[in-house]
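Asks: turn this into a structure:
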Amino acid sequence: MSDDIFQGYKGRALEVMMKFNARVWAKVKVDTTRGVFEGTILPRAENTDDKHLVLKFFTGYNIGVDTETITDITELGYKKAVYHIPEKEFPYTAGKPNVKLLGTGGTIASRLDYRTGAVIPAFSPGELYGAVPELADICNLTTEKLFAVFSENMGPEQYKKLAIAIGNEIEKGIDGIIIGHGTDTMHYTSAALNFMVQNSPVPIVLVGSQRSSDRPSSDAALNLMHAATAAGHGDIAEVMVCMFGPTSDEYAFLHRGTRVRKMHSSYRSTFRTIGDTPLATVTRAGVVPIKTEYNHRRKDRNVTILPYFEEKVAMIYYYTNMHPDMIDSIVDNGYKGIVIIGTGLGHVNKPIYPAIERAIAKGVAIYMTVQTLWGYVHMFVYDTGRDLMAKGIVPAENMLPETAYIKLSWALGQTNDLEKVKEIMLTPINGETTPREPYNGYLIYQGGVPEVEEFIKNFHK
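Replies: Below is the predicted model:
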């Protein structure tokens with residue numbers, strides 16, 4: 001047998017495959033001391049152990065079978081899989097809205113690399129039509145691959161290029177824009193674009209997926225369809241995040257880009273609007289607004305692009321017993337701004353007061369947010385808060401920490417005048433601070449409580 005049929009297998013695993021004449025991509029029945037398993041033998045990643053045979057069940061899920069337990073392997077069939085979706089020319093239909101998909105990478109455009117066993121951003125945006133042909137029923141889609149990076153590698157360079165690209169597309173007459181983006185830092189990008197792209201006449205929808213396209217539970221296809229519907233047919237002309245509402249496939253939420261946050265590492269319904277309600281729900285049938293106040297779609301091509309960003313801004317999560325050198329080291333390295341994520345209503349310990357005074361004296365802009373995420377900074381309630389304000393720290397009201405970091409970076413990218421920075425920071429642009437939080441803007445239900453369990457049983461998660 002050639003090495004091609006053993007792709008990645010070595011050692012004990014290779015011995016077992018050779019013993020039973022098993023090969024990669026064969027559909028097999030594997031008898032083990034722990035039961036019988038049926039599935040397709042997958043290639044083995046090169047950096048993994050030699051003690052397991054990897055099967056993809058016919059349901060689409062993968063399992064590793066300990067080779068020490070295998071007693072027999074019977075081949076049931078063979079078909080070599082191709083884990084590449086070819087690009088297809090997107091059909092044009094007169095009368096449908098024209099939507100532009102700007103690709104940045106992330107799980108919305110990914111596949112499994114069996115060489116390493118990792119999910120990689122390997123689909124070009126044009127391949128998305130090959131994966132989700134239903135998009136042609138929603139809009140006329142054109143695509144452009146701006147970047148191919150995981151979202152942790154997104155930063156000011158990408159934010160600026162995205163903002164400029166969005167401005168160009170709006171000027172050319174596009175009806176809506178989708179941005180394919182990894183979920184981990186999507187809320188940073190959505191905040192940045194809210195500040196850099198103002199008064200847009202069309203929807204700008206960031207979308208991603210929690211699970212890669214090769215998984216049966218992937219949310220990629222449905223998220224893309226929902227995003228295309230919002231971008232092409234929706235009336236909300238803002239920078240939004242479009243992701244699953246409940247964990248089921250019922251609908252997606254459209255979240256305002258300055259008030260959204262990723263709240264779970266793996267749930268498909270990971271994104272939540274904090275301190276407010278989502279803008280709308282969306283299905284393939286259309287967009288249903290939740291809020292009554294939002295920026296409406298317009299027919300003009302007017303948009304303001306402000307691609308500014310100061311990279312020397314830090315975000316510090318305060319913890320008990322924090323030492324002053326945490327602040328000093330940031331200032332000594334030339335940082336111009338600091339967002340502190342403080343306890344309670346916006347507090348830190350007294351030992352770092354001198355470091356804060358030194359930072360303020362050197363012209364560093366320092367803003368306070370809260371670790372609770374929900375709620376406002378109220379630094380005038382206790383002596384600690386009053387002392388910190390007297391030293392020059394500015395309360396950032398109910399701005400989310402990540403949004404405050406992005407906005408301070410954007411403000412300092414325009415001016416070093418701290419009074420002008422303060423004016424920019426405390427003047428709402430699109431919901432990053434609000435006069436009040438609605439009564440239903442803070443809902444965290446605790447599992448195990450009888451009435452909550454009854455709600456979950458009768459409705460859904």
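Asks: how many neighbouring residues does E437 have?
Replies: 16 (other Cβ atoms under 10 Å). Any C-beta I mention is one placed from the backbone N, CA and C, and that applies to glycine too.
Asks: tell me the contacts of the residue nearest to it when sequence neighbours are not counted?
Replies: Leaving out its chain neighbours, the residue that sits closest to E437 by Cβ to Cβ, 6 or more residues apart in numbering is G275, at 4.6 Å. G275 sits next to R259, L373, W374, G375, N398, L400, T434, E437, G441, Y442 when contact means Cβ atoms under 8 Å, 6 or more residues apart in numbering.
Asks: who wins on neighbours among those residues?
Replies: R259 (29 neighbours).
Asks: residue contacts, it?
Replies: Contact analysis of R259 by Cβ under 8 Å, 6+ apart lists T273, I274, G275, D276, L400, T403, G431, E432.
Asks: which element is the third one on?
Replies: Read it as G275. Per DSSP states H and E: G275 is located in neither a helix nor a strand.
Asks: what's the distance between the residue lying closest to A220 once chain neighbours are set aside and S266?
Replies: Take A220 and drop its neighbours on the chain: the residue closest to it by Cβ to Cβ, 6+ apart is S209, 3.8 Å away. Separation of S209 from S266 (Cβ to Cβ, to the nearest Å) stands at 12 Å.
Asks: of those two, who's got more company?
Replies: S209 (26 against 7).
Asks: and the more buried one, how far is that from H233?
Replies: 21 Å.
Asks: just give me how far stretch 169-184 sits from the chain centre.
Replies: 15 Å (Cα atoms, centre = their mean, to the nearest Å).
Asks: give the buried residues for that stretch.
Replies: By 16 or more other Cβ atoms under 10 Å, the buried positions in stretch 169-184 come out as 169-170, 174-184.
Asks: after the helix or strand hosting K422, which helix or strand is next?
Replies: In this assignment (DSSP H and E), K422 forms part of helix 418-426. Heading C-terminal from helix 418-426, the first helix or strand you meet, by DSSP H and E, is helix 450-458.
Asks: now that following helix: mean pLDDT?
Replies: Throughout helix 450-458, pLDDT has a mean value of 84.
Asks: mind exporting that helix as PDB, just the C-alpha atoms?
Replies: What follows is helix 450-458, C-alpha atoms only, in PDB (Å, rounded to 0.1, in the frame of the first residue of the first chain):
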ATOM      1  CA  PRO A 450     -37.900  26.100  39.200                       C
ATOM      2  CA  GLU A 451     -39.500  28.900  37.300                       C
ATOM      3  CA  VAL A 452     -36.400  29.200  35.000                       C
ATOM      4  CA  GLU A 453     -36.400  25.500  34.400                       C
ATOM      5  CA  GLU A 454     -40.100  25.700  33.500                       C
ATOM      6  CA  PHE A 455     -39.500  28.500  31.100                       C
ATOM      7  CA  ILE A 456     -36.600  26.600  29.400                       C
ATOM      8  CA  LYS A 457     -38.700  23.400  29.100                       C
ATOM      9  CA  ASN A 458     -41.700  25.200  27.600                       C
END
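Asks: what's the most distant pair in the buried residues of stretch 169-184?
Replies: D175 and D184 (29.0 Å; Cβ to Cβ).
Asks: am I right that H264 is in a strand?
Replies: No: the assignment for H264 by DSSP: H, G, I helix; E, B strand; the rest coil gives coil, which leaves it out of any strand.
Asks: I'd like the distance between the nearest residue to it once chain neighbours are set aside and I341.
Replies: Among residues not flanking H264 along the chain, T270 sits closest, at 4.3 Å (Cβ to Cβ, 6+ apart). Here T270 is placed at a distance of 20 Å from I341 (Cβ to Cβ).
Asks: can you check the contacts of R259 and name whichever has the most neighbours?
Replies: Greatest neighbour count in the contacts of R259, by other Cβ under 10 Å, goes to T403: 29 neighbours.
Asks: T433 is in contact with that one, correct?
Replies: No: T403 is not in contact with T433 according to Cβ atoms under 8 Å; the separation is 9.0 Å.
Asks: for this protein, what's the longest helix?
Replies: Counting by DSSP state H, the longest helix found in the chain is helix 156-172.
Asks: show me what secondary structure element comes after it.
Replies: Using DSSP H and E, the first helix or strand after helix 156-172 is strand 176-180.
Asks: parallel or antiparallel, list what pairs with that following strand.
Replies: Note on strand 176-180: by DSSP bridges, its sheet partners are strand 98-103 (parallel), strand 204-207 (parallel).
Asks: what does the last one contact?
Replies: Strand 204-207 is touched from outside by 108, 166, 176-181, 186, 189-190, 193, 197, 223-224, 226-227, 230-231, 237-243, 254, 257, with contacts defined as Cβ under 8 Å, 6+ apart.
Asks: make a ChimeraX selection of the buried ones in the residues you listed.
Replies: Remark: buried members of the contacts of strand 204-207, expressed as a ChimeraX selection using 16+ other Cβ under 10 Å:
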select :108,166,176,177,178,179,180,181,186,189,190,193,197,223,224,226,227,230,231,237,238,239,240,241,242,243,254,257
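Asks: which ones among the contacts of strand 204-207 lie within strands?
Replies: G176, I177, I178, I179, G180, V197, V239, M240, V241, C242, M243, L254 (DSSP state E).
Asks: surely the fifth one meets K100?
Replies: Read it as G180. No: G180 is beyond contact range of K100, at 11.2 Å (criterion: Cβ under 8 Å).
Asks: which one of the buried residues of stretch 169-184 is nearest K79?
Replies: Closest to K79, out of all of those and judged by Cβ to Cβ, is G180, at 30.1 Å.
Asks: quick one: residues contacting T67.
Replies: So T67 contacts R12, A13, E15, V16, K51, H52, L53 (Cβ under 8 Å, 6+ apart).
Asks: quick check: which helices or strands does the strand or helix carrying the first one pack against?
Replies: Applying DSSP H and E as the criterion places R12 in helix 11-19. Helix 11-19 is packed against strand 52-56, strand 70-78, with contacts defined by 3 or more Cβ pairs under 8 Å, 6 or more residues apart in numbering; DSSP states H and E.
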